[in-house]
Structure formats: C-alpha cells, structure tokens
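A.B. asks: with the input below, show me the fold.
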Amino acid sequence: MNIVKKDLDQNNAVVTLHVEKADYAENVEKNLRDLRKKANIPGFRPGMVPMSLLKKMYGKSVMADEINKLIAEKLYDYIRENDLNILGDPLPNETEQPEIDFNAQEEFDFVFDLGLAPDFEIELSKDIKINYYNIAVTDQMIEDQIKSYQQRFGRYEE
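C.D. replies: Prediction:
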C-alpha cells in the first residue's frame, strides 16, 4: 500500500491511498474460507459449498468489505504515525476520486480530504483576572434538585 499526502494549504491536505491486490487478497481468501464453513446454500451440505460458487456469489462484497477495513485501518495508522492534528474525520474527495469498478479492477486509488488544525499559541499574562464565585448551597436548592430528578427519572411503583 502506498500513501501520499499533498498539502493544499495550511489547513487542508489530500491523502491518496493506492491499494494493490497483494494488500487485500489474503484477507479476502480467509473470509471466503470462513464463509464456506458457515454458508447454508440449498443443494450443499454445510461447509461443503464449492469455493468457486462462493466467489461468484459473495466474492465482490467480501472484497469490498476487506478493502474498506484496510483503508480505514491504514489511513488512521498514517494519521497517528505522522502525528497529524486533524479536525473531524477524513472525508472522501468528491472531485479527484477516480471511478471504482470492483468487477474489473484489482488496484484502487482512494482520495481523502483532511482538515488540519491550525497551529496557534496563547499568551497569558498576569494582568488577566478571572472572577471566582463562592456559591453557598442551601437546603432549599438541594430539595429542588431532588424534586427535579424525581420528576425526570422517577417512576410509580406499587
């Protein structure tokens, strides 16, 4: 798997993941073998469904699931390893993303937009004053809070 980050500006970046068949083929085969053990297809005993039939019926969906898991895992690993301070989650790019055809392709490119948190510094001085309030809690305030909890979360029991 090849991951490339391109900075658009100070707060935006585009990450492109290039997935090859070798990256996901082993996991797809493993999941198909596991599915073969559990598959209940009419005309076949459980666990005896031919692999070619399973590949024809479920191969593309299993492959798509494995590629999705692989992309999520590798993308977040890349963000963690490079210590990228991102805002929100990576979003799929709508303009640069090439068309994906699971029936014809074996290699895929996925493009994600990242919002990067800006770097800033806060300088505090001793001239800044913060008001500190001492609140005296009365018995009436406690009773009102208990009644409020009883109304919101209470229930009638016999």
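A.B. asks: C-alpha from now on. contacts and neighbour counts both.
C.D. replies: Will do.
A.B. asks: which other helices and strands does the helix or strand where residue 71 lies contact?
C.D. replies: Using DSSP states H and E, residue 71 sits within helix 51-81. When contacts are defined as 3 or more CA pairs under 8 Å, 6 or more residues apart in numbering; DSSP states H and E, helix 51-81 packs onto helix 21-38.
A.B. asks: export the helix it packs on to PDB, keeping only CA atoms.
C.D. replies: These are the backbone C-alpha positions of helix 21-38, laid out as PDB (Å, rounded to 0.1, in the frame of the first residue of the first chain):
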ATOM      1  CA  LYS A  21      -4.200  -6.800  -4.900                       C
ATOM      2  CA  ALA A  22      -1.500  -8.200  -2.600                       C
ATOM      3  CA  ASP A  23      -2.700  -5.900   0.200                       C
ATOM      4  CA  TYR A  24      -6.200  -7.400   0.500                       C
ATOM      5  CA  ALA A  25      -6.100 -10.800  -1.400                       C
ATOM      6  CA  GLU A  26      -5.100 -12.900   1.700                       C
ATOM      7  CA  ASN A  27      -7.800 -11.500   3.900                       C
ATOM      8  CA  VAL A  28     -10.500 -12.000   1.200                       C
ATOM      9  CA  GLU A  29      -9.500 -15.700   0.800                       C
ATOM     10  CA  LYS A  30      -9.500 -16.100   4.600                       C
ATOM     11  CA  ASN A  31     -13.000 -14.600   4.900                       C
ATOM     12  CA  LEU A  32     -14.300 -16.700   2.000                       C
ATOM     13  CA  ARG A  33     -13.000 -19.800   3.700                       C
ATOM     14  CA  ASP A  34     -14.700 -18.800   6.900                       C
ATOM     15  CA  LEU A  35     -17.900 -18.100   5.000                       C
ATOM     16  CA  ARG A  36     -17.600 -21.500   3.400                       C
ATOM     17  CA  LYS A  37     -17.800 -23.200   6.800                       C
ATOM     18  CA  LYS A  38     -20.900 -21.300   7.700                       C
END
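A.B. asks: thinking again about what came up before, in the helix holding residue 71, which residues are buried?
C.D. replies: If you call a residue buried by 16 or more other CA atoms under 10 Å, then helix 51-81 has these buried ones: 54-55, 59, 62-63, 66-67, 70-71, 75, 78.
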